[in-house]
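In: here are the coordinates; sequence isn't available:
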């Protein structure tokens, strides 16, 4: 446990075309006094942080001055975020394309950086597609010449096209990826506004609806898939990446490896699910992945979607049901049964408890003791 209560965060800044080390901190007299000891410190109102010139000597100076007094978050300088995925990344199909006068393709450096970062193929595909749409909206103009106003104009165009908030956010992400990561231009579009995050409540099924979906599924393989999505609270990608060895019948847990955020965790394994898994294993005899296609490769995302959709139709569930709906239901039912939020957070693999708190808005156990005014 870190005993230092004071802390600062170092960030890359670009001010008047020059790279700076930004120093972000909560108002504190001690930290302010120490910052004054740094080489030519200045304050920037736009970014609301102090800064000094970006060079190795100044970076070392920061650590020397604050050592033993404040904890320094230097992840932006020393530890790049890497997203790992079990998929093998191959972008050769994109490299072989030839740009034309009517359509420009992403620069090779863009593809190289995606591979070096080990982004999942799905993320690569999204970034490439959306960035090319952005590029081709400015024909005849060099990317380095585009301004913040050009970006805003493009985003307004997406809003007028009624693109979803997710689509717009991913567009912003791929644009920032090119300028800030590929070209190494920190905070190139630091103040670009994102759509306001909407607070939507998750869709939750009743236990009877889920049990009916599982019971009416006659294919044992499909039944195991539904049971793990609900009974273990797995994401679709986590289910697809499960190996046979990830099912620990001795401890009655499922090992989820290198999940979202590059984290491992353990979650619950139902006795009924284990029984069905043993039957499934004898019949199907998977070799590597727990759920494989007839050709021996991992199941596709579309296949999982279709299994859940068909099960919901058979059970005559009127709500729109996706694999994630079963995960939402898992968390909500645990909360209604008295499981504390911290344990649910761990089982789901959430970074923040705030993400898990959304289920308090859909759980109904707190409503049971409230008398409806119509029934008084």
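Out: Received it, and whenever you're ready, just let me know what you need. Predicted, not measured: the structure shown is a model, and the values here were computed from it.
In: Give me the buried positions along the helix or strand of the chain with the lowest mean pLDDT.
Out: For the chain, scoring each helix and strand by mean pLDDT, DSSP states H and E identifies helix 75-78 as the least confident one, at a mean of 72. Neighbour counts using 16 or more other C-beta atoms under 10 Å place no residue of helix 75-78 among the buried ones. For every residue, glycine as well, the C-beta is placed using N, CA and C.
In: Also stretch 314-330?
Out: Residues of stretch 314-330 classed as buried under the neighbour-count rule (16+ other C-beta under 10 Å) are 315, 317, 321-323, 325-330.
In: can you check stretch 132-147 too?
Out: The neighbour-count criterion (16+ other C-beta under 10 Å) identifies 132, 134-135, 143, 146 as the buried residues of stretch 132-147.
In: quick revisit: after the least confident helix or strand of the chain comes which helix or strand?
Out: Scanning forward in sequence from helix 75-78 by DSSP states H and E, the next helix or strand is helix 92-95.
In: Flag every buried residue along that following helix.
Out: Of the residues in helix 92-95, those with enough neighbours to count as buried (16+ other C-beta under 10 Å) are residue 94.
In: from the buried residues of stretch 132-147, which is closest to residue 220?
Out: Sorting the buried residues of stretch 132-147 by how near they are to residue 220, with C-beta to C-beta, puts residue 132 at the top with 43.6 Å.
In: got any ranges where this structure has weak pLDDT?
Out: 1-5, 68, 78-90, 186-191, 195-198, 261-262, 294-295 (pLDDT under 70).
In: what's near enough to touch the residue nearest to residue 271 when sequence neighbours are not counted?
Out: Of all residues beyond its chain neighbours, the one nearest residue 271 is residue 252 (7.3 Å), with distances taken as C-beta to C-beta, 6 or more residues apart in numbering. For residue 252, the set of contacting residues under the criterion of C-beta atoms under 8 Å, 6 or more residues apart in numbering consists of 268-269, 271, 274.
In: cool, residue 53 as well?
Out: Contacts of residue 53 by C-beta under 8 Å, 6+ apart are 18-21, 39-40.
In: Next, find the distance separating the residue sitting nearest the centre point of the chain from residue 135.
Out: By C-alpha atoms, centre = their mean, the mean C-alpha position of the chain lies nearest to residue 260, the distance being 6.0 Å. With the distance defined as C-beta to C-beta, to the nearest Å, residue 260 ends up 29 Å from residue 135.
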